[in-house]
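J.: Give me a 3D structure for the following:
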Amino acid sequence: MDMLSRPADSRRGKRAWLGRASLALALLSWVLPVGELVVGAIAMVLGLVALFRTANERTDWVAAAGACVAFLQVLLTVMLLAADAYG
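T.: Next comes the predicted model:
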């Protein structure tokens, strides 16, 4: 059974908020002048936990968006830190 054909069960408990928290923190990491690497990493972990802990639910696209935005923030921050250190 693939991810898109799973029944649309509602998420319960903490899993219902993981995707939303991931997206909110990922967007916040782009705005914060300090700590963007830490906030981005936390948002990425929350998004991945929300995506991979779904046994009977459909894919949480909010969590997927949060994890992608957070990954891009972490990647950009690491690239800028590397450019600053070596260039």
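
J.: what's near enough to touch the closest residue in space to G35 that isn't next to it in sequence?
T.: Leaving aside its sequence neighbours, G35 sits nearest to S29 (Cβ to Cβ, 6 or more residues apart in numbering; 8.0 Å). For the C-beta atoms, the positions are set from N, CA and C on the backbone; glycine is no exception. Shown in contact with S29 (Cβ atoms under 8 Å, 6 or more residues apart in numbering): 35-36, 39-40, 43, 70, 73.

J.: Swap in 7 Å and give it another go.
T.: 36, 39-40, 43, 70, 73 (Cβ atoms under 7 Å, 6 or more residues apart in numbering).

J.: any idea which element it lies in?
T.: Per DSSP states H and E: S29 is located in helix 15-31.

J.: V49 too?
T.: Residue-wise, V49 maps onto helix 36-52 under DSSP H and E.

J.: helices or strands next to that helix in the packing?
T.: Where contact means 3 or more Cβ pairs under 7 Å, 6 or more residues apart in numbering; DSSP states H and E, helix 36-52 is packed against helix 15-31, helix 61-86.

J.: got the CA positions of the helix holding S29 in CSV?
T.: This file holds the C-alpha atoms of helix 15-31, laid out as CSV (Å, rounded to 0.1, in the frame of the first residue of the first chain):
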residue,chain,number,x,y,z
ARG,A,15,1.5,14.0,16.2
ALA,A,16,-1.3,16.4,15.2
TRP,A,17,1.0,19.3,16.0
LEU,A,18,4.4,18.1,14.8
GLY,A,19,3.9,19.1,11.2
ARG,A,20,2.5,22.6,12.1
ALA,A,21,5.3,23.1,14.6
SER,A,22,7.9,22.1,12.0
LEU,A,23,6.6,24.5,9.4
ALA,A,24,6.3,27.4,12.0
LEU,A,25,9.9,26.8,13.3
ALA,A,26,11.2,26.5,9.7
LEU,A,27,9.7,29.8,8.7
LEU,A,28,10.9,31.4,11.9
SER,A,29,14.5,30.2,11.3
TRP,A,30,14.6,32.4,8.2
VAL,A,31,13.7,35.4,10.2
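
J.: Fine by me, we can end here.
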